[in-house]
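In: Based on what follows, work out the 3D shape:
(chains A and B)
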Number of protein chains: 2
Amino acid sequence: MKQKSTTPTMKDVAREAGVALGTVSKVFNNIPVGESYRQRVVEAAGKLGYQVNQYARGLKTNRTNTVALILPSVDHPFFGALAQQLCLALSRRSYRTLLYVTGSNPEVEQQCIRMVQQNKADGIIGLTYNPGLEVDEALPFVSIDRYFSPGVPCVASDNLGGGRLAAERLISLGCRHLAFFRNGPIQAGEADKRGDGFEQICRARGVSYEVIRINDEEQSLEVFRDYLIGHISNGKLDLDGIFCSTDLLALTIRGMLEELGQRVPEDVQLVGFDGIRQFGSEGCYCSTIVQPIAQLAQTSVDILLQEDRSALPSLICLPVAYAAGGTTRE
Amino acid sequence: MKQKSTTPTMKDVAREAGVALGTVSKVFNNIPVGESYRQRVVEAAGKLGYQVNQYARGLKTNRTNTVALILPSVDHPFFGALAQQLCLALSRRSYRTLLYVTGSNPEVEQQCIRMVQQNKADGIIGLTYNPGLEVDEALPFVSIDRYFSPGVPCVASDNLGGGRLAAERLISLGCRHLAFFRNGPIQAGEADKRGDGFEQICRARGVSYEVIRINDEEQSLEVFRDYLIGHISNGKLDLDGIFCSTDLLALTIRGMLEELGQRVPEDVQLVGFDGIRQFGSEGCYCSTIVQPIAQLAQTSVDILLQEDRSALPSLICLPVAYAAGGTTRE
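Out: Numbering: from 1, shown residues only, chains lettered A, B, ... in the order given. Reported below is the predicted structural model:
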């Protein structure tokens, strides 16, 4: 592929402005020159449509004005929405977004980090649960939803608060026999706090509850199904509220309950977690704890691009909210 | 943000290998040198962990090994899945992905194209329906789903074939009174062929049909609702099959029909278009014509990166397939 060679150069600008090449260079590098010279250069550049060559500039300043996003996927609505908000937040700060889709593959994740060290991006915003991942604290890195170490800022939803909110809501809607379902690999993620918050409220209110955490995602569905069957006698489920660790799990459990002849929300109410929307704009999949995706993105970008890196927070938790979505009796 | 300065340079490699700097440069630019020299340089580079500085290389070769993706969004499951497959296909060719989310804003779209002309990416893969967009035929550009001109390759699903397939399927499932619903802005898109294919088959088979195309997306729902109400007498709908131009529209129409007391698929069967999956991996939203997203992505990348640009196709249509998804009576 060939590039067009008609793009104006600094030399063209110097010729147009009637000034020395060095003067043009100074203006574009914000080195003071006489105001009349500066104006002539700016006008000439505007007239010719000259733009600073980012690659030449990258060599000189060691900056690329590019940030790498490391995400497991973008075809899941949560990650898709997060990628979109991060891209827009970076664009507002005049940064470009390099997208890396890793499938949570540890090798791919580590390679992306190596690339930034090789001067190919100014920083990384990453969402990874790879326990062996090496993150150099000197490297501009913001982690979403996963705490690495005090020197690597982590931005997350208030998962503990969200778990508490889910329990409070189910109890206020009349539930007295609760369960928490969680599946997926054991992660060093902040998301594990969802169950903790849920348990805190159940204990404080004296409401009976059970916690089922299954690490293997595939196997978990069978376990949940057997669990539900074991809790049905004479066609009636002895649970009246279930908090699921994700919206996807809530959707799956809803289908399972319907197959088992249990009505949602009449017989049993369900609350998920994530707050993702169908097609990016339609309704939620279920009643849920909504993660503040736009705010997660904006905060991550603000922290990554903060000039003074001597006093960064190690963890920022952003507030979540409850949204009704048809699986609860509001 | 500061970059680490410990990255080894070409000079370090030359010192380690005991060769001249020019020899190192030749090796990395694939210019022949004596095999023993080449080996010493490669070994020294491996030992030091040296990698070619992409920005220096970009200046020299006028390549960036970066491709810009211009997409309306990534929080819609179709665009999210497309972004993911494009990113993976580019990565397999050792290209990086610069993501631009435009919200279909013509100014943002035009600015991305300007950036590539300013040498900030090697090419563009774009999905845009902006009628005023100026695409220079000399610029490496592949358009998805929108035909610009013979010199701008367009990669699309076989929308005409998909429309035919939808009609054939509904007829073979017993439908005799069909309708085609389409909403959204008038676009120069390939997607408009969906209705054309549907009509071809209805006419050929002598099956009665109606076509309702509404440009305004918001207003369209009211029009479709009124249309359906007008076709119900004594509680019975006089249509038995509806082909919708997207899965999202099919989902909306399904909800509308249920509100009007019509059962899907018992009373009326629905087929959508897109074939997107919930959460990237779960089932389809409805019975649908599936776009080959991975193949669309791979083909777009292959055409964009093709060395010989003298004989590019102007349009490539890739085959679609039907998938049952609960809104038809299979």
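
In: you'd agree A:Val101 is up against B:Leu86?
Out: No: with contact defined as CB atoms under 8 Å, A:Val101 does not reach B:Leu86; the gap is 9.5 Å. Where C-beta positions appear, they are placed from N, C-alpha and C, glycine not excepted.

In: Just want to know which of those two has more residues nearby.
Out: B:Leu86 (30 against 24; other CB atoms under 10 Å in any protein chain shown).

In: I'd guess the more buried one is in a helix, am I close?
Out: Yes: counting by DSSP: H, G, I helix; E, B strand; the rest coil, B:Leu86 falls inside a helix.

In: A:Ile125 reaches A:Ile70, doesn't it?
Out: Yes: between A:Ile125 and A:Ile70 there is a contact under CB under 8 Å: 7.3 Å.

In: These two: which has the busier surroundings?
Out: A:Ile125 (27 against 24).

In: Who are the contact partners of that one?
Out: Counting by CB atoms under 8 Å, 6 or more residues apart in numbering or on different chains, A:Ile125 touches A:Val67, A:Ala68, A:Leu69, A:Ile70, A:Leu86, A:Phe141, A:Val142, A:Ile144, A:Ser300, A:Val301, A:Leu304.

In: Tell me the secondary structure of the second one, please.
Out: Following three-state DSSP, the label given to A:Ala68 is strand.

In: and whichever strand or helix holds A:Thr23, what does it pack onto?
Out: Assigned by DSSP states H and E, A:Thr23 falls within helix A:21-28. Helix A:21-28 sits against helix A:10-17, helix A:35-48, with contacts defined as 3 or more CB pairs under 8 Å, 6 or more residues apart in numbering or on different chains; DSSP states H and E.

In: Could I get the buried residue list for it?
Out: Of the residues in helix A:21-28, A:Thr23, A:Val24, A:Ser25, A:Lys26, A:Val27, A:Phe28 count as buried by neighbour count, 16 or more other CB atoms under 10 Å in any protein chain shown.

In: if I pick the nearest residue to the fourth one once chain neighbours are set aside, what's in contact with it?
Out: On the basis of CB to CB, 6 or more residues apart in numbering or on different chains, the spatially nearest residue to A:Lys26 that is not a chain neighbour turns out to be A:Val33, at 4.9 Å. By CB under 8 Å, 6+ apart, A:Val33 lies in contact with A:Thr23, A:Lys26, A:Val27, A:Val41.

In: do A:Tyr50 as well
Out: Here A:Tyr50 is in contact with A:Pro8, A:Thr9, A:Met10, A:Asp12, A:Val13, A:Ala44 (CB under 8 Å, 6+ apart).

In: was I right about the fourth one contacting A:Leu48?
Out: Looking back up the chat, that one is A:Asp12. Yes: contact criterion CB under 8 Å: A:Asp12 and A:Leu48 qualify, at 5.7 Å.

In: picking that back up, can you redo the contacts of A:Val33 as CSV with distance to B:Thr97 and pLDDT?
Out: CSV is the format used below for the contacts of A:Val33 (distance: CB to CB, whole Å; pLDDT from 0 to 100):
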residue, distance to B:Thr97, pLDDT
A:Thr23, 38, 85
A:Lys26, 35, 77
A:Val27, 33, 78
A:Val41, 35, 84
